[in-house]
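In: What would the 3D arrangement of this be:
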Amino acid sequence: TVIINGGEAEKRPEAVDKILDELCAYKLRRREPFLAIGGGCLLDIAGMAACLYRRGVPFVRVPTTLLSIVDASVGVKNGVDYCCPVTNDTYKNRVGSFYAPSSCLLDNSFIASQDARNISNGFGEILKLALVRSEDLFELLESHGAGLIESRFAASPSVPAGVSDRIIDLSIQIMLEELGPNLWETVLDRCVDYGHTFSKLLEMVPGADIMHGEAVNVDGFFCVVLGYLRGFIDMETVNRIFKCMQSLNLPTNSDDLQSELAWQSCKDAIEHRHGEQRIPLITGIGESICVSDITQEELDRALEMMKDFAH
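Out: Numbers count the residues shown, from 1 in each chain. Here you go, the predicted model:
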């Protein structure tokens, strides 16, 4: 048994080495699987170790948080953050692999072990999927998200039976539909990258107290404002989304979201997405497009407009 602390601070090559050391000591055979039980960061680390050990051994994902159930459990990506001594910067998910688990075991009862903040954090990724793909999912979050946070996804008089399972099943279904045909990301215009342009640098700010789903939501609302300024959505839609985010106890802004960070995020996106920004923006709840021509002046207008909301 190897115990690794969860969280972004632990998502480093040293954590992969720790698992590799134990696999060597155990003398794990080439076709023997090991179990990775935990949240998204732990599953990313374990997948990386599985990919490297003997050039690949099977592993089983067992996600234990809402976020990892709907996000890290789906797809084949693994990775860690990398501290580069040349640039003196830390890069999120800069070192990683495409390596599928042999299976993934989902048990929604794990969610009851999470505190309210972790459950809201998971809703950050679910709401992202709703915004780009499913108005039905959005309406479920509008109506029942707050009640599910309070009940921690357990049976509750305030939430009709089957709603919690429907939200999780629909989220996973959307992820599978989006990732399945593009498993190796040969197509880089991806709606599931919504909320993942500015959030990367927000998460990497030294000392920042922000979880992944929270950063995705801050990014997501900033992109809502960008979409409004482009005329893709109206203010009624903006306010509806903002109200839903608040009901889920998700942050909609960050003191770290400033002009320099926003523009650097766009430049990093161009590098990561092979020469184009490819930033997803919604054109309505459940619909999106990718744009590659956002300017620094446009970002500054959006940042100024963000001040108009009671975050």
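In: all contacts plus neighbour counts: C-alpha atoms, from now on.
Out: OK.
In: ok, longest strand in the protein?
Out: The longest strand of the chain (DSSP state E) is strand 89-98.
In: what does that one rub up against?
Out: With contact meaning C-alpha atoms under 8 Å, 6 or more residues apart in numbering, strand 89-98 is reached by 48, 51, 76-84, 184, 200-201, 204.
In: at 6 Å what do you get?
Out: The contact list for strand 89-98 (C-alpha atoms under 6 Å, 6 or more residues apart in numbering) reads 76-83.
In: Ok, stretch 134-141 next?
Out: When contacts are defined by C-alpha under 6 Å, 6+ apart, stretch 134-141 is touched by residues 130, 285-286.
In: count of neighbours near Pro206?
Out: Per other C-alpha atoms under 10 Å, the neighbour tally for Pro206 reads 10.
In: Please name the residues that touch Leu67.
Out: Counting by C-alpha under 6 Å, 6+ apart, Leu67 touches Gly122.
In: Let's test this: what are the backbone torsions at Leu28?
Out: With angles defined as degrees, to the nearest 10, Leu28 sits at phi -60, psi 130.
In: ok, Gln296 to Leu257 distance?
Out: As judged by C-alpha to C-alpha, to the nearest Å, Gln296 and Leu257 stand 13 Å apart.
In: what's the neighbour count on Gly7?
Out: When neighbours are counted by other C-alpha under 10 Å, Gly7 registers 13.
In: So for the closest residue to it other than its chain neighbours, what's the pLDDT?
Out: Nearest residue to Gly7, sequence neighbours excluded (C-alpha to C-alpha, 6 or more residues apart in numbering): Cys41, at 5.9 Å. Listed pLDDT for Cys41 reads 95.
In: cool, the one 5 residues further on as well?
Out: With respect to pLDDT, Ala46 has a value of 97.
In: again with the one 10 residues further on
Out: With respect to pLDDT, Gly56 has a value of 97.
In: now, which of the contacts of strand 89-98 sits nearest Gly195?
Out: Lys77 (17.4 Å; C-alpha to C-alpha).
In: On the strand side of things, show who the closest one bridges to.
Out: In this entry, Lys77 is beta-bridged to Phe98, by DSSP bridges.
In: tally of neighbours for it?
Out: Around Lys77 sit 20 other residues, with neighbours defined as other C-alpha under 10 Å.
In: Taking strand 89-98 as reference, get the angle to the helix or strand where the residue nearest to Gly7 lies.
Out: If you go by DSSP states H and E, Cys41 is part of helix 40-52. Counting by axes from the mean of the first three to the mean of the last three C-alpha atoms, to 10 degrees, helix 40-52 lies at 60 degrees to strand 89-98.
In: Could you look up the SS state of Leu35?
Out: Per DSSP: H, G, I helix; E, B strand; the rest coil, the local secondary structure of Leu35 is strand.
In: who touches the closest residue to it other than its chain neighbours in this structure?
Out: Distances taken as C-alpha to C-alpha, 6+ apart put Val60 closest to Leu35, at 4.8 Å, once the chain neighbours are dropped. Val60 sits next to 35-36, 101-104 when contact means C-alpha under 6 Å, 6+ apart.
In: at 7 Å what do you get?
Out: Val60 makes contact with 33-36, 101-104 under the criterion C-alpha atoms under 7 Å, 6 or more residues apart in numbering.
In: now do Leu183
Out: Gly75.
In: can you rerun that using 8 Å?
Out: By C-alpha under 8 Å, 6+ apart, the residues touching Leu183 are 75-76.
In: tell me the phi and psi of it?
Out: According to degrees, to the nearest 10, Leu183 has phi -60, psi -40.
In: any idea where the helices of the stretch 201-311 of the chain begin and end?
Out: 212-229, 235-247, 259-272, 296-306 (DSSP state H, counting those that start in this stretch).
In: Likewise for the stretch 1-150 of the chain?
Out: Ranges of helices within the stretch 1-150 of the chain are 13-26, 40-52, 66-67, 116-133, 135-151, based on DSSP H, counting those that start in this stretch.
In: confidence score at Asn5?
Out: Listed pLDDT for Asn5 reads 89.
In: Now it. Nearest residue, chain neighbours left out?
Out: Per C-alpha to C-alpha, 6+ apart, closest to Asn5 is Leu42, 7.7 Å.
In: and the one you found, how many neighbours?
Out: Using other C-alpha under 10 Å, the number of residues around Leu42 comes to 29.
In: Roughly how far does it sit from Val205?
Out: 21 Å.
In: Please apply the same query to Val57.
Out: According to C-alpha to C-alpha, Val57 stands 34 Å off from Val205.
In: Between the two, which has more neighbouring residues?
Out: Counted by other C-alpha under 10 Å, Val57 and Val205 do not tie: Val57 has more neighbours, with 21 against 13.
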